[in-house]
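S.K.: with the sequence up front, the predicted model follows.
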Amino acid sequence: VIGYGTVRKADLAGSVSVMKTTSYEDQPAQSLTDVLQGRVAGITVQGDGLSATRVRIRGLGSINKDNSPLYVIDGIFADPSTLNMDDVASVQVLKDASATAIYGSMGANGVILITTKTGKPNQTKIMVDAQVGIGTVAKRYETLSAYDFATAYNKYIPDTFSMEQLAAFRDGTAGTDWQNAIYHTPVVQDYKVSLSSGNDRTQYYISANYINNEYLVKGRYDERYSARANITSQITDWLHITAEVDLARQTNNGGSTTIVADAIYYSPVTNIYDAYGNYAMDVYNLRNTRNPVQKLEASHNNQTLINTAQARAELRFDIVKGLTFTTTNYFKYADTKGYSMTPSSMNDQGIASMGNSDSNGFNLQTTNNLTYTGKWGEHSLTATAVYEATSYEVREMSISGNNLQNEDLVGWWNVKMASEINASNGYGRTAMMSGVARVSYNYGDRYIFTGTFRVDGSSMFSRNKWGYFPSGAFAWSVGNERFMQ
């Protein structure tokens with residue numbers, strides 16, 4: 001599979017890596033990044049378990065802009081975050097300029113093509129998979145114990161810690177191991193079920209997935225429900241249709257991206273609580289941050305809820321021998337709700353605050369592909385012409401309140417309890433229109449030429465709306481030459 005079509009591996013003139021599902025199907029994999037890591041040359045997967053995992057193809061292309069690759073799922077520009085990995089049939093990675101040029105500027109950081117499963121003719125398959133596991137920190141940062149810290153501190157500022165305090169640090173009755181304070185043993189759950197069947201003309205595939213992931217950091221977890229169904233049918237000798245629906249619901253609870261750094265820097269001689277039962281502050285550290293356990297407890301008041309619905313319909317017309325026209329149309333609705341609450345203990349003025357936000361996004365895409373494939377003797381030719389249009393519309397509303405009268409009772413739900421209320425809303429819409437042409441010529445399975453031209457017009461630019469992206473590639477299969485036989 002390449003952009004807007006398929007070719008034999010021997011006919012490739014660009015750099016494309018193929019990852020088969022057999023390379024990971026017996027291993028626990030909940031996301032695309034889990035299976036890409038270490039399996040595809042030129043791909044780097046980076047993540048710390050607290051922020052979003054980053055995928056890079058052949059390094060960085062920009063210092064301060066997004067370097068993420070373009071994801072294309074069944075011909076649609078889509079986010080793979082809700083993808084059930086058991087639904088994936090194959091993954092191809094386009095890496096060099098020749099392979100990615102057909103996607104224009106969108107493919108500047110590489111392209112990952114994902115093909116999902118469909119039902120097989122005259123085969124009925126039922127799959128049930130349940131996985132439960134636990135996590136652990138592979139390697140903790142080596143930090144000083146409370147006794148070692150106090151001893152070193154006394155060398156530079158004598159008599160800061162008394163002999164009684166040193167004894168307490170030595171036997172563990174005083175001081176804190178901050179990494180122990182924020183980490184725990186998380187439980188990871190992943191349940192999948194699928195059903196596929198069909199006859200010679202019509203096939204269907206249905207799947208569902210439930211994931212509940214606790215993080216290594218206490219109090220943070222993600223939960224996801226997803227379901228997918230598709231049907232493919234050869235209606236007539238000249239018409240083939242595919243229809244698909246995807247639904248997903250994600251909940252992300254808690255989280256602080258700096259909590260591990262805070263735990264490392266906080267001095268081990270500081271207890272979690274002071275003599276009055278309040279969270280203790282570190283007076284031996286220049287890092288101006290609050291107690292890590294306090295920050296962890298406060299982050300439990302943050303939640304993000306994402307509901308998505310996607311639908312795709314594809315019609316392929318076999319016009320004459322070698323000539324096909326395919327129209328693929330896609331719709332996505334995403335509703336993202338954010339809830340936050342900052343307790344008064346986390347505010348220097350002792351004021352509690354809350355916030356609610358809601359964002360509705362609508363994606364539309366239509367891709368219309370006319371492809372001709374022919375072969376005459378040692379000559380073979382594939383010509384592709386594509387018209388594509390995409391649009392994205394978003395509507396946003398948010399409200400926040402400061403100085404809550406009763407933070408424990410209402411949390412983020414009743415903004416009327418706030419003395420100061422702020423609200424805002426917004427609207428945005430972008431659109432892009434594209435035309436693509438590609439010609440691939442092969443002579444005798446020895447000389448391969450591919451020429452591509454793409455033009456994009458974007459509403460995001462007031463002037464110079466159009467961009468042009470030509471490319472060409474030539475490959476010589478020396479092994480097929482007669483003198484190499």
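M.R.: Thanks, I have it.
S.K.: could you point out which element follows the host helix or strand of residue 450?
M.R.: Using DSSP states H and E, residue 450 falls within strand 447-458. Next along the chain after strand 447-458, taking DSSP H and E as the criterion, comes strand 466-476.
S.K.: now do the end-to-end distance for stretch 161-175.
M.R.: By C-alpha to C-alpha, to the nearest Å, the extent of stretch 161-175 from end to end equals 12 Å.
S.K.: what's the span of stretch 125-141, first residue to last?
M.R.: End-to-end distance for stretch 125-141, by C-alpha to C-alpha: 47 Å.
S.K.: got the contact list for it?
M.R.: Stretch 125-141 has contacts (C-beta atoms under 8 Å, 6 or more residues apart in numbering) with 28, 86, 179, 183, 185-197, 214, 216, 264. (Glycine included, C-beta is placed from N, CA and C.)
S.K.: try stretch 397-408
M.R.: Residues from elsewhere that reach stretch 397-408, judged by C-beta under 8 Å, 6+ apart: 341, 343-344, 351-359, 410, 415, 417-426.
S.K.: one step back: ok, the strand holding residue 450: who's next to it in the sheet?
M.R.: Strands adjacent to strand 447-458 in the sheet, as given by DSSP bridges, are strand 418-443 (antiparallel), strand 466-476 (antiparallel).
S.K.: show me what whichever strand or helix holds residue 90 is packed up against.
M.R.: In the assignment (DSSP H and E), residue 90 maps to strand 88-94. Here strand 88-94 touches strand 16-20, helix 32-36, strand 111-116, going by 3 or more C-beta pairs under 8 Å, 6 or more residues apart in numbering; DSSP states H and E.
S.K.: so that strand versus strand 111-116, what angle?
M.R.: Interaxial angle of strand 88-94 relative to strand 111-116 (axes from the mean of the first three to the mean of the last three C-alpha atoms, to 10 degrees): 170 degrees.
S.K.: who touches the helix or strand following strand 88-94?
M.R.: Counting by DSSP H and E, the next helix or strand C-terminal to strand 88-94 is helix 97-100. With C-beta under 8 Å, 6+ apart as the test, helix 97-100 has contacts from 2-3, 13-16, 70, 94, 107-108, 110-111, 450, 452, 471-473.
S.K.: one more pass at 7 Å, please.
M.R.: Here helix 97-100 makes contact (C-beta atoms under 7 Å, 6 or more residues apart in numbering) with 2, 13-16, 94, 107, 110-111, 450, 471, 473.
S.K.: list the buried residues in the helix ranked longest in the chain.
M.R.: Longest helix of the chain, by residue count under DSSP state H: helix 146-156. Within helix 146-156, the residues scored as buried using 16 or more other C-beta atoms under 10 Å are 146-147, 149-150, 153.
S.K.: what's the answer for stretch 168-185, then?
M.R.: Residues 168-170, 174-176, 178-179, 181-184 are the ones in stretch 168-185 that count as buried (16+ other C-beta under 10 Å).
S.K.: go on, stretch 253-273?
M.R.: 253-256, 259-263, 265-270.
S.K.: thought residue 255 was touching residue 220?
M.R.: Yes - taking contacts as C-beta atoms under 7 Å, residue 255 lies within contact range of residue 220: 4.8 Å.
S.K.: separation between the spatially closest residue to residue 189 that is not a sequence neighbour and residue 20?
M.R.: Leaving aside its chain neighbours, residue 189 sits nearest to residue 212 (4.4 Å; criterion: C-beta to C-beta, 6 or more residues apart in numbering). Per C-beta to C-beta, to the nearest Å, residue 212 is found 29 Å from residue 20.
S.K.: report how many residues lie close to the residue nearest to residue 189.
M.R.: Residues near residue 212, counting by other C-beta atoms under 10 Å, number 16.
S.K.: what's the pLDDT at it?
M.R.: What the model reports for residue 212 is a pLDDT of 95.
S.K.: just how off-centre is the strand holding residue 450 within its chain?
M.R.: Relative to its chain's centre, strand 447-458 lies at 28 Å (C-alpha atoms, centre = their mean, to the nearest Å).
S.K.: show residues contacting that strand.
M.R.: 11, 13, 98, 101-102, 104-105, 432-442, 465-477.
S.K.: please redo it, this time with the cut-off set to 6 Å
M.R.: If you take C-beta atoms under 6 Å, 6 or more residues apart in numbering as the criterion, strand 447-458 is touched by 11, 13, 101-102, 104, 432-442, 465-475.
S.K.: buried ones among those?
M.R.: Using 16+ other C-beta under 10 Å as the threshold, 11, 13, 101-102, 104, 432-434, 436, 438-442, 469, 471, 473, 475 are the buried ones among these.
S.K.: quickly find the element holding the residue nearest to residue 267 when sequence neighbours are not counted.
M.R.: Counting by C-beta to C-beta, 6+ apart, residue 267 lies nearest to residue 284, which is 4.4 Å off, once chain neighbours are set aside. Counting by DSSP H and E, there is no helix or strand that carries residue 284.
S.K.: could you report the pLDDT at residue 284?
M.R.: Looking at residue 284, its pLDDT reads 89.
S.K.: was I right to think it contacts residue 265?
M.R.: No - Residue 284 is not in contact with residue 265 according to C-beta atoms under 6 Å; the separation is 10.7 Å.
S.K.: the stretch 201-350 of the chain: strands as residue ranges?
M.R.: For the stretch 201-350 of the chain, the strands defined by DSSP state E, counting those that start in this stretch occupy 202-214, 221-236, 239-253, 303-320, 323-342.
S.K.: need the helix or strand of the chain with the lowest average pLDDT.
M.R.: Here the helix or strand of the chain ranked lowest by mean pLDDT, DSSP states H and E is helix 407-410, holding a mean of 71.
S.K.: separation between residue 169 and residue 292?
M.R.: Distance of residue 169 to residue 292, given as C-beta to C-beta: 19 Å.
S.K.: please read the previous query as pertaining to residue 328.
M.R.: Noted for residue 328: a distance of 49 Å to residue 292, by C-beta to C-beta.
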